[in-house]
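Peer 1: everything below, folded, please.
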Amino acid sequence: MKYRRNNGSQMPPEGWHYARIANVREGKQANTYMGPSETVLVTFAIEEHAPAIVTHSFLTAPWANFLFERLIDAAIDTPKEEIYYSELNGKRCGIKVEYREWKGKLYANVVDVCSVDELQEVDEDDGFVPPTQEIDLDELPFE
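Peer 2: Take a look at the predicted model:
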């Protein structure tokens with residue numbers, strides 16, 4: 001059996017992409033300015049740029065980062081109070097990728113998420129950008 005190496009870039013281009021959640025698992029605890037937060041590692045398979053994958057670490061403390069909450073809402077049709085991480089596997093969503101440099105290396109970073117329906121609106125109208133959730137920090141319940 002032979003294996004042919006892919007010498008091209010496996011990083012997806014910056015911008016919005018259709019993605020499928022390939023894997024979700026618990027990450028390490030992260031220290032934030034608000035205190036410790038658990039994390040979850042989500043691996044996305046970019047559909048139009050196979051075999052491009054992006055893994056992103058989401059904070060799960062609700063006061064720290066709402067991006068994981070938005071991912072759940074975008075990927076799961078029926079809202080639930082509690083979900084198992086495994087319920088996200090195989091679900092489709094839209095992700096926005098931007099490049100970030102860290103310790104001298106360039107990484108593809110997930111900076112926003114949306115539902116597939118919202119992303120289809122982008123395809124139909126080039127000037128439209130999927131909505132981002134605005135948060136009033138004064139209304140957050142800090143304990």
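
Peer 1: going forward, measure contacts and count neighbours with C-alpha atoms only.
Peer 2: Will do.

Peer 1: where does pLDDT dip in the chain?
Peer 2: In the predicted model, the chain carries pLDDT under 70 at residues 2-9, 49-51, 62-65, 122-143.

Peer 1: quick one, strands of it?
Peer 2: Using DSSP state E, the strands assigned to the chain run over residues 15-26, 30-32, 35-37, 39-46, 53-59, 92-102, 105-114.

Peer 1: thought Glu98 was touching Gly15?
Peer 2: Yes - with contact defined as CA atoms under 8 Å, Glu98 reaches Gly15; the gap is 6.6 Å.

Peer 1: quick one, which of those two is more surrounded?
Peer 2: Shown here are Glu98 and Gly15; by other CA atoms under 10 Å, Glu98 has more neighbours (16 against 13).

Peer 1: tell me the contacts of the more buried one?
Peer 2: 14-15, 108-111 (CA atoms under 8 Å, 6 or more residues apart in numbering).

Peer 1: what is it paired to in the beta sheet?
Peer 2: Asn109 (DSSP bridges).

Peer 1: and it, how far from Ile72?
Peer 2: According to CA to CA, to the nearest Å, Glu98 stands 21 Å off from Ile72.

Peer 1: contacting residues around the residue lying closest to Ile95 once chain neighbours are set aside?
Peer 2: Distance criterion CA to CA, 6 or more residues apart in numbering; nearest residue to Ile95, sequence neighbours excluded, is Val113 at 4.4 Å. Contacts for Val113 (CA under 8 Å, 6+ apart) come out as 67, 70-71, 74, 93-96.

Peer 1: again, 10 Å this time
Peer 2: Taking CA atoms under 10 Å, 6 or more residues apart in numbering as the criterion, Val113 is in contact with 16-17, 19, 67-75, 93-97, 119, 130-132.

Peer 1: one step back: I'd like the strands of the chain laid out as a markdown table, including distance to Glu81.
Peer 2: Output for the strands of the chain, formatted as a markdown table (distance: least, CA to CA, whole Å):
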| stretch | distance to Glu81 |
| --- | --- |
| strand 15-26 | 18 |
| strand 30-32 | 24 |
| strand 35-37 | 19 |
| strand 39-46 | 17 |
| strand 53-59 | 18 |
| strand 92-102 | 20 |
| strand 105-114 | 19 |
